[in-house]
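Participant: Pasting the sequence and the predicted coordinates here, then a few questions.
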Amino acid sequence: MEFTIEKKLSKSLARAGVVKTPHGAIKTPAFSVVGTKASVKSLSPEQVASLGAEVVLANTYHLYLEPGYEIVKKAGGFGKFMGWNGPTITDSGGFQVFSLGAAFGKTISKISKEESIGDEVEEEAGKLAKIDDDGVTFKSHIDGSTHRFTPESSMEIQEALGADIIFAFDECTTPHASYEYQREAMERTHRWARRSLAEHERLSGKRLSKQALFGIVQGGRYRDLREESAKIISGMDFDGFGIGGSFNKEDMYGVVGWVNKILPEDKPRHLLGIGEPGDLFGGVENGVDLFDCVAPTRQARNGTLYTKNGRINILNARFTADFSPIENDCGCYTCSSRHGGVSYTRAYVAHLFRAKEMFAATLASIHNLYFIVNLVKKIRQSILDGNFLEFKNTFLKQYYH
RNA sequence: GCGUCGGUGGCAGAGCGGUCAAUUGCAAUAGACUGUAAAUCUAUCGCCUUCGGGCUACGGAGGUUCGAAUCCUCCCCGGCGCA
């Protein structure tokens, strides 16, 4: 992997560049589509490509459970397995430490909107992930069977999955964890980062085209932890960096800025799991090159669609007889007239959702992914054109009016 | 005509003397979703409300009872059986 910066802005940390991978280039800033189980839910790889996506991210834990990493390895890696020829990324399974651990059975998100920080009572009962210093023991959410992930096994699996960019095994914490716990988890993530790096070297040292390994910065919402983590992870020989963990919604961009001021400028930074429209501007402005997020596809499947005037819920009664496209001047397949001279209408998409037709998910996902992927492309162009701030202000004013 | 079973909130369908404005599912109306445990989840879902409560309701009309969706009588409607 190779990273070059084409243009940097002087008034912010924003930059535009290119990440070159063995499977093609990613023009950054870029949004990586999420295809957790080697499938972007409800979309074919052709649809993913034609909406403009350049890179797909899959998940180590999920592919380890099914179909198993040996199968994916035999297939030639998850990209080849699913029929995606472009660049690929795998997450390490670190997010499942959170989602199957502290967050399991609860409504908490990695983004906190309240001030209820540090008041979470830790309960072990019911969790599917148990953390110790050496690794994490998971109970499969599919059949309850027990599995063990360590930094070493995550590297081994990710090597088999064959993505161009892989991540160090980390612990994603909840935003409700105390400062003491955030520190403990961060320090553990640092030790795991060293082990991930060492194992990756051992596994791929002999290979010519080794996978790029990104280290992950943690530290929750605390400035001293985030800066300490950025320094320590920067000091390791990673090819790029992930910014992970939990955030408080209102100070998320600030946290990203603290970290990116410390991370080496010449390596790409991936803001893990973030990607709602407003967040993309905040991320880019604070030095982020890569994003991935399930929000566009998950929300699409649940009827929430992005428009430049904000989100709409296509299931609302007011759309049942609305024969205009989801968004008038949108260039996506769903909104354009590429398929027989007419666009799909809000009324039709609403009907598909109400009738529980699978095609609803496809049309909605195409629209949302196009919206997000293209928004990041426009952000990139605005950096190159030198009008990032104007674009940001115009967009956000209209979107969050 | 006789017998029999049944008529419950938009639909299906529980309840069978009080704790019933009435279980549950669906539909409906909103909301949520940020490295996918998710084509999921949450709330509301008779009318009014100063959110304490008030009012009208289980085919219709009477009745029994302190109290009825629940028991009795008659009527209306539907299924089935016999004529």
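Facilitator: That came in fine, so what should we check first? Residues are numbered from 1 along each chain as shown, chains lettered A, B, ... in the order given.
Participant: Buried residues, the helix or strand harbouring residue A:62. List them.
Facilitator: Applying DSSP states H and E as the criterion places residue A:62 in helix A:60-65. Neighbour counts using 16 or more other CB atoms under 10 Å place A:60-65 of helix A:60-65 among the buried residues. For glycine as for every other residue, the C-beta is placed from the backbone atoms N, C-alpha and C.
Participant: same question for stretch A:29-47, mean pLDDT?
Facilitator: Mean per-residue pLDDT for stretch A:29-47: 98.
Participant: How far away from the center of its chain is it?
Facilitator: 11 Å (CA atoms, centre = their mean, to the nearest Å).
Participant: wait, residue A:303 sits on residue A:311?
Facilitator: No - judged on CB atoms under 8 Å, residue A:303 makes no contact with residue A:311 at a distance of 10.1 Å.
Participant: neighbour-wise, which of the two wins?
Facilitator: Using other CB atoms under 10 Å as the criterion, residue A:303 and residue A:311 rank with residue A:303 on top: 19 against 15.
Participant: how about the more buried one, what does it touch?
Facilitator: Contacts for residue A:303 (CB atoms under 8 Å, 6 or more residues apart in numbering) come out as A:313-315, A:353, A:364.
Participant: Quick check, pLDDT for the nearest residue to residue A:377 once chain neighbours are set aside.
Facilitator: Take residue A:377 and drop its neighbours on the chain: the residue closest to it by CB to CB, 6 or more residues apart in numbering is residue A:52, 6.7 Å away. Per-residue confidence at residue A:52 stands at 98 (pLDDT).
Participant: Three-state assignment for the residue in the stretch 101-250 of chain A that RNA strand B sits nearest to, please.
Facilitator: Nearest residue of the stretch 101-250 of chain A to RNA strand B (CB to the nearest atom of the strand) works out as residue A:172 at 2.3 Å. Secondary structure assignment for residue A:172 (DSSP: H, G, I helix; E, B strand; the rest coil): coil.
Participant: just to revisit the earlier point, what lies in contact with the helix or strand just after the helix holding residue A:62?
Facilitator: Sequence-wise, the next helix or strand downstream of helix A:60-65 (DSSP H and E) is helix A:69-75. Residues outside helix A:69-75 that contact it (CB under 8 Å, 6+ apart): A:38, A:63, A:78, A:81, A:157, A:160-162.
Participant: Please repeat the previous calculation with a cut-off of 6 Å.
Facilitator: A:63, A:78, A:81, A:157, A:160-161 (CB atoms under 6 Å, 6 or more residues apart in numbering).
Participant: Quick check: mean pLDDT of that helix?
Facilitator: On average, helix A:69-75 scores 97.
Participant: other SSEs contacting the next helix or strand along the chain from that helix?
Facilitator: Remark: after helix A:69-75, the chain's next helix or strand is helix A:78-82, criterion DSSP H and E. With contacts taken as 3 or more CB pairs under 6 Å, 6 or more residues apart in numbering; DSSP states H and E, helix A:78-82 sits against helix A:69-75.
Participant: And the helix it packs on, how far out from the chain middle?
Facilitator: Centroid separation for helix A:69-75 versus its chain: 23 Å, with CA atoms, centre = their mean.
Participant: mind listing the strands for the stretch 151-300 of chain A?
Facilitator: A:165-167, A:212-217, A:240-243, A:247-248, A:269-271, A:290-292 (DSSP state E, counting those that start in this stretch).
Participant: okay, these in a markdown table with distance to RNA strand B, mean neighbour count and mean pLDDT next?
Facilitator: Shown next, in a markdown table, are the strands of the stretch 151-300 of chain A (distance: least, CB to the nearest atom of the strand, whole Å; neighbours: other CB atoms under 10 Å; pLDDT from 0 to 100):
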| stretch | distance to RNA strand B | mean neighbour count | mean pLDDT |
| --- | --- | --- | --- |
| strand A:165-167 | 5 | 29 | 98 |
| strand A:212-217 | 5 | 28 | 98 |
| strand A:240-243 | 5 | 28 | 98 |
| strand A:247-248 | 8 | 21 | 93 |
| strand A:269-271 | 9 | 29 | 98 |
| strand A:290-292 | 5 | 25 | 98 |
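Participant: so where's chain A shaky on pLDDT?
Facilitator: For chain A, residues meeting the criterion pLDDT under 70 lie at A:114-124, A:206-209.
Participant: quick one, domains of it?
Facilitator: Chain A breaks down into these domains under automatic domain parsing: A:30-298, A:301-399.
Participant: these two touch, right, residue A:35 and residue A:55?
Facilitator: No - in terms of CB atoms under 6 Å, residue A:35 does not count as a neighbour of residue A:55; the distance is 10.0 Å.
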